[in-house]
Structure formats: C-alpha cells, structure tokens
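**Student:** build me a structure from this.
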Amino acid sequence: MIDLKNQKNKLNTKKAYYDNRELSWLKFNKRVLEQAEDNRVPLCERLSFVEIFKNNLDEFFMVRVGALYDQILINENKRDNKTNMTAMEQLVCVVRNTEKLIQKKDKAYAQLMQKIKAQGVDLINFNEAGKTDRQYLEKYFHQSIKPLLSPQVIGKKNPFPFLKNNEIYAVALLQAKNSEKLCIVPCSNGVFERLVSIPSDHKKFMLVEEVILHFMPDIFEKYTVKSKSLIQITRSADIDIDETFSEEDMNYRDSMEELIKIRRKLCPVKMEYSRVLDEKVIRYLCRELELSKEQVFYSESPLEFSFLSEIQDVLRTNKELFYPRKIPRIPEGITQSQFMIEQVEKKDILLHYPYDSMYPFLKLLKEAAYDERVVSIKMTLYRVAKNSRIVETLIEAAENGKEVVVMVELRARFDEQNNIECSRRMEEAGCRIIYGIDFVKVHSKICLISYLENNVIKHICQIGTGNYNEKTAKLYTDLSLMTANQNIAKEVYETFNKICMEQFMEKTEHLLVAPKCLQNKVLDMIDVEIENVRNGRKGYIGLKMNSLTDKTIMDKLIEASQAGVKIEMIIRGICCLVAGVQGYTENITVQSIVGRYLEHSRVYIFGTEQRDKIYISSADFMTRNTKRRVEVAAPIYDEEIKQRIRTMFRTMMLDNVNASVMNSKGNYEKKEKAEHLMNSQEIFF
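**Tutor:** The predicted structure follows:
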C-alpha cells in the first residue's frame, strides 16, 4: 500500500512551457465531459459522452496510474523529464484532479437525467415506485435475482474474495448479536438484465444493482444491515509481455493469452462507492485491497454506464435527441464499375474517414484476392473489427492461392483476444502470420499488393493513419492513401521485410519510418523552417495528432518558435508543450477538437504552401511512437491531395464549435461564440 495522505507537492524546477503527461490527459478527459454539458450537442448524445468519460478514466487508472505505482516501487526518486515531478507527486495531483472530475461528472449526469425524465424516461429508486410496483420488484427480486446471487459474509472460514476488475459489488456492514461482519454480493453475473423495467410504465427503470442493494436485509435475514453501498474496483493493467514471458518456453500467442489471465488479477488502483459508507468498512476494504484512502472516490451517479445505450434506444424514435444520420460518401473521381487497381495506377487516391466510405479500399483488397495477376498481399494489423471483412478477404486470398503475409500485433492493449482469434483463423486458412519485433510494437498501417503485368512486378500500396477496422472507420477521423508510386511502394516493401526479419529501416528517401527514420527526419525538417526564418523567409509548421510528449521534438519546436517560425498544432489529447509562453512558445498555437467523431488522423506539414512537405502518419509525437514502435508516415506528392489536406487543416484551425484553445497556463478555453459557427466535422460531411 502506498501512502498518499501525507504527501505534499515539493518545490521542483518545473518549466512554464511544459505540462505533465498524466495531468494533460486529465484535461483532455475534462474536455470530453464538457461535451456532455454542451447544450449544442443533442441530449442522448450527451449521455454517450458521460459513458466515454468514465470508460476513459477507468482505462487511465488501469494503464497510466498502474504504471506510476510500479515506478514508485522500482525507483521513487525518478522524475518526469518535462516537469521534474516524481511519480508520487504525479499521483497526488492525479488523485486531486480525479476527485474534482468525478464531482463534475456526477453533476452533469444528474442534470442530463432530469432532461431525460422530461422526455418520459425515468431511472428511479425503490422509494419512488408506487405500491404495486414495489410489490412487483420484491417478487422479481425473490424469483429472478436472489436465486442467482452468491452472497458472502467475510469471516475466518470465508476469506475476503477476489473482486473482478470494474465489476459492481454490493457491500454491507452487518450487525449480529455481539459482532459486526462485512458482506459482499456480486451484482454482475452476465445473466441479470441491467435495467429492470417497472410494470406500471414501460419507460421507467431501476438498475439491478440498486434492486439488490435495497433487498440486502432479505439476503442476510439473521443480521441487521447497518450500512450498505455499491463499490467498483479498478485494477492495474500495466504489464509488459516481452519482459514477463521473455524466458518462458511457450509460443508468442500462448504467452498473450496468459497475459490476459494475469492482467485480470493485478493489484487494485482505484475504488469507487456510491453510498455513504461506514468509515470502518472503507478502512477494512482499503486494508484488504491494499489501497490508500486517497484512492477511494465517492460517486453520486452509477458506477458503470453501459445501461445508457438502452435508455437511448427507448428514445430512438425522437430524432431530435440524436445526431442526424450521416452516410459516408464515395469520393468524387472514383468509378465503382472500374477496377480499383487501374484507378490507383492512374492517380493517387486519399480517403478521409468517416466522411469518405472505406468501400474503395475494401474493393481494392477484394479484387486483389481474386485477380489472377496478383501474386501477394502483405499487411499489418493492429486493431481489427469483430467479424472483420478485411480478415475474411485475406483468408479468401490465401485460399485462392495468393501469398498472404500478415503482421498481427498481439500487443494492441485490450484487443489482444480478438487479435489472437483472428490470427488463428488466418493461419488455418493458409496465411503466413508473424508477430513483429521483440520489445517494439508494430503500429504502422501498411498494405502492399504485388502483381505481375507483362512479366514486370508492380505494386499498389496503402498507408493509413488508423486501423483496418470497418467499425472505427465510421467513428474515427482517419486518412488512407492508396498509391501506385513505385518509390513509395519499394520502401513499404522494404519496411515489411525488415519487420519479418526483426530489423528496422535504417535509411529512407520517401517514407518516415520509426524508430530509426522518423524523429531525426522531423527534426531536420523543423531545422529547415528555422533556417528559412533566419534567412528572412517565412517558416511554418502545421501538426495534427492525438498526443505530443516527445521532449526531443518539443525542444526543437520551442527553438523554432523562438526563431520566429509560426507553428499551429491540432492535438486532441495529451499535449506536454504549453503554448503562448513569452520567450519560448509565443509563436505556437495549440487547439484540441473533441466532437461527434474521435479525431485520430495524423498530419505533418513543414513549410509554407509554395514549398511544403506534407505527410500522413500512424505516429503521434510521443517517445513510445517515435523511438519504440514501428511507425510509417507517407509523403503526399499529388498536388490535388496536398491542397485537400491544406484545406482540411485550415478548416479545423477555424473550428469554433468543437475546438478548445490552450492558454499560456496550459489550460483549455472554448473559443468565443461567433455569429458564424464553424463545425469542421459537419463541414467535412
């Protein structure tokens, strides 16, 4: 157990132009929650942002907070290289900010549910039900819930049970004749319906855990219930597959399955409870779970929000409560009746998801699976959809006699099981499956189709910013380039072969390929802009990505700002560089767009329009991406596509609906309301 209670923030040498990674992430999740508070967002969609906020927060504790605890145990004096904070100091700040965010979430949820009630749908507690409904709930509990419960009174012969990650439990302090005992009842067993419908009104519901909690006296008839509450435990998920199984005599896929089992049992990092709970119970739970009191958070709203989708379904007929339906388009210039290989040979094609349909790429892959000219398909897969059409097409290609080589990254966190199953199916169909490089994730999004034409080998390649996932292509903004440029294709081919040989690209002329040929080339291009300004010309850098944490790149951006280079950055999530600090970053603008679609595309622009170099990339500027992953950025050579990306970037910079701008304190503020609203995501559709 790590004591956070008596920790104080010590004076450190934090620089005003840097922010801490974890605290910056919490600011991002606050921006997500603000979407739930925004009256311009349709009511039922605002409910979704409450759920996204909570899921984000749980995952943050599982991954990032879990890593901070590990760091304290390994080296408590190690400091963050940007803010000089120790892991303990970071934890103290994380806990304080989390408490405020949970209160903000509770308030937003309560206000939303009042508005939902005005629409005729109500989530009630037992005391709000009428007499007949209470009789029904009692009968329902005794007939349909109680027989399936597994209650446990903690004692010498009944030790404290293992509490599963992010599941809900009812706990109570019981009074016997001369003693007090703690009891625990699991409320999630995969059988109960989460929402219990109230018979007098089919639009009224009660949460099943609330029903269980109310009838705790009926479960423990020989005791008096002194206090009761619902709790939820969040466990660390921070585990390194390469380190953990480096000496095990098992194949890699089996190791990943073992990792999934281990992760379910890692130590708790957070507990939430939703009722006033006796202080003795909290202390007891903390002792058994090895948590400090500061890791325990009180929440007035439900502990898990997946039920909100059912409430949304009840109101689905009221179109005004939801975003209007949008249908991805087939981009202009693409002829559906013509072979995609022929179209890509004539001209590079850029798809912008979710505004453009994924259909042209799926069509290209499908044609390759059946085209007699096609010899091989090589592809990297990081996160794929369940029942993936892409996986099915690769299987068809293998069954049709094509050489199909697929690099499946099993270390895609929380998607491991799906990737394991997909890799097995493809392997059984005749695909050659590889799993990448030890200690380095393969995060690049590349596909290479090789074919014979007049006895000459040719290539079509695709390079993207997002995963090959049909579901997320409708929810995330991403870019996908299909090109027959043989110089680019040659380097995609070399990159893939290097992965197969557990090697890295050491030199490139066209692509940027991490970990050896991305960060250094980015630094060189920033230097070019610095030199341009020093020679009396304009310098410009435009960057769009999810996160910015790479200190080497940030230091170079500070140097560029000090030289007078204009730098505009659209960074959705973590940004450890503070914009607008006099003497350091006054020429840097940072804004974050959080809206209907998850901004996921990465774009790098170096230089003014007349001479700019533009790339789309799988890599954020995070050290893990630039130095510890295989990432690929593709140059845009087609002038029409370059102009399209410039327009996209300029439109996003002008967004005054979904955009928040960072101030010189590192905090984000919504742009002032303007007469003309610019919602970039709506404009792109």
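
**Student:** so Arg596 sits in a helix?
**Tutor:** No: with DSSP: H, G, I helix; E, B strand; the rest coil as the criterion, Arg596 is located in coil rather than a helix.

**Student:** ok, for Phe160, nearest residue in space, not its chain neighbours?
**Tutor:** Closest residue in space to Phe160, ignoring its immediate chain neighbours: Glu288 at 4.5 Å, by CB to CB, 6 or more residues apart in numbering. For every residue, glycine as well, the C-beta is placed using N, CA and C.

**Student:** give me the number of residues near Ser48?
**Tutor:** Residues contacting Ser48 under the criterion other CB atoms under 10 Å number 20.

**Student:** and the host helix or strand of it, what's buried?
**Tutor:** Per DSSP states H and E: Ser48 is located in helix 43-60. For helix 43-60, burial by neighbour count (16 or more other CB atoms under 10 Å) applies to 43-54, 56-58, 60.

**Student:** how about stretch 98-116?
**Tutor:** Residues of stretch 98-116 classed as buried under the neighbour-count rule (16+ other CB under 10 Å) are 98, 101-102, 104-106, 108-109, 112-113, 116.

**Student:** what sits up against that stretch?
**Tutor:** Stretch 98-116 has contacts (CB atoms under 8 Å, 6 or more residues apart in numbering) with 26, 29-30, 33, 36-37, 43, 46-47, 50, 53-54, 57, 122-123, 272, 297-302, 311, 315.

**Student:** so Ile567: helix, strand or coil?
**Tutor:** On the basis of three-state DSSP, Ile567 is classed as strand.

**Student:** check contacts around it.
**Tutor:** Ile567 neighbours (CB under 8 Å, 6+ apart): 540-543, 557, 560-561, 587-589.

**Student:** if we can go back for a sec, mind giving me the packing neighbours of the helix holding Ser48?
**Tutor:** Packing partners of helix 43-60 (3 or more CB pairs under 8 Å, 6 or more residues apart in numbering; DSSP states H and E): helix 21-37, helix 87-118, helix 308-314.

**Student:** count the residues that sit near Ser450.
**Tutor:** Around Ser450 there are 20 residues (other CB under 10 Å).

**Student:** touching, it and Ser376? I think so.
**Tutor:** Yes: with contact defined as CB atoms under 8 Å, Ser450 reaches Ser376; the gap is 4.8 Å.

**Student:** now the stretch 401-550 of the chain, which segments are flagged as low pLDDT?
**Tutor:** 411-415 (pLDDT under 70).

**Student:** could you flag which of the contacts of stretch 98-116 are buried?
**Tutor:** Among the contacts of stretch 98-116, those classed as buried by neighbour count (16+ other CB under 10 Å) are 26, 29-30, 33, 36, 43, 46-47, 50, 53-54, 57, 122-123, 272, 297-299, 301-302, 311, 315.

**Student:** ok, now which ones touch Lys78?
**Tutor:** By CB under 8 Å, 6+ apart, the contact set of Lys78 is 71, 86-87.

**Student:** just the buried ones out of those, please.
**Tutor:** Buried members of these, counted by 16+ other CB under 10 Å: 71, 86-87.

**Student:** between those residues, which is nearest Leu351?
**Tutor:** The nearest member of the buried ones among the contacts of Lys78 to Leu351, counting by CB to CB, is Gln71 at 40.5 Å.

**Student:** doesn't Ala87 make contact with that closest one?
**Tutor:** Yes: the criterion here is CB under 8 Å, and Gln71 meets it with Ala87 at 4.1 Å.

**Student:** looks to me like Ile641 is in a helix.
**Tutor:** Yes: counting by three-state DSSP, Ile641 is found in a helix.

**Student:** mind listing what's buried in the host helix or strand of Glu345?
**Tutor:** In the assignment (DSSP H and E), Glu345 maps to helix 340-346. Using 16+ other CB under 10 Å as the test for burial, helix 340-346 gives 340-341, 343-344.

**Student:** could I get these as a markdown table with pLDDT and distance to Phe496?
**Tutor:** Output for these, formatted as a markdown table (pLDDT from 0 to 100; distance: CB to CB, whole Å):
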| residue | pLDDT | distance to Phe496 |
| --- | --- | --- |
| Met340 | 93 | 20 |
| Ile341 | 93 | 19 |
| Gln343 | 95 | 23 |
| Val344 | 96 | 18 |
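
**Student:** distance to Ala489 added to those, as JSON lines?
**Tutor:** Output for these, formatted as JSON lines (distance: CB to CB, whole Å):
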{"residue": "Met340", "distance to Ala489": "15"}
{"residue": "Ile341", "distance to Ala489": "13"}
{"residue": "Gln343", "distance to Ala489": "16"}
{"residue": "Val344", "distance to Ala489": "11"}
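
**Student:** and those residues, which two are furthest apart?
**Tutor:** Taking CB to CB as the measure, those span a maximum distance of 7.4 Å, between Ile341 and Gln343.

**Student:** distance of the residue nearest to Phe160 relative to Glu272?
**Tutor:** Using CB to CB, to the nearest Å, one obtains 16 Å as the distance from Glu288 to Glu272.

**Student:** Ser306 too?
**Tutor:** Applying CB to CB to Ser306 and Glu272 gives a distance of 15 Å.

**Student:** picking up where we left off before, which one among the contacts of Ile567 gets closest to Ser236?
**Tutor:** Nearest to Ser236 among the contacts of Ile567 is Leu543, at 32.1 Å by CB to CB.

**Student:** so what's the closest one up against?
**Tutor:** With contact taken as CB under 8 Å, 6+ apart, Leu543 is in contact with 567-571, 603-605, 621.

**Student:** and which of those is nearest to Lys402?
**Tutor:** Ranked by distance to Lys402 (CB to CB), those are led by Val603 at 32.8 Å.

**Student:** contact partners for that closest one?
**Tutor:** Shown in contact with Val603 (CB under 8 Å, 6+ apart): 465, 479, 542-545, 614-617, 645, 648-649.

**Student:** next one: Ile449
**Tutor:** For Ile449, the contacting residues are 341, 364-365, 368, 374, 376-377, 459-461, by CB under 8 Å, 6+ apart.

**Student:** re the thing from before, name the residues that touch the helix holding Glu345?
**Tutor:** The contact list for helix 340-346 (CB under 8 Å, 6+ apart) reads 334-335, 349, 360, 363-364, 367-368, 371, 449, 451, 460, 482-484.

**Student:** in strands, which of those fall?
**Tutor:** The strands, defined by DSSP state E, take in 349, 449, 451, 460, 482-483 from the contacts of helix 340-346.

**Student:** check those and tell me the two furthest apart.
**Tutor:** Farthest-apart pair in the ones in strands among the contacts of helix 340-346 is Ile349 and Tyr451; separation 17.2 Å (CB to CB).

**Student:** contact partners of the one helix or strand Pro217 maps to?
**Tutor:** In this assignment (DSSP H and E), Pro217 forms part of helix 216-219. With contacts defined as CB under 8 Å, 6+ apart, helix 216-219 is touched by 141-142, 146, 149, 151, 170, 172, 183, 185, 212, 224-225, 228.

**Student:** out of those, who's the most crowded?
**Tutor:** Ala172 (27 neighbours).

**Student:** what is the neighbour count of Leu512?
**Tutor:** Applying other CB under 10 Å, we find 24 residues neighbouring Leu512.

**Student:** which residues touch it?
**Tutor:** 518, 521-522, 615, 617, 619, 631-633.
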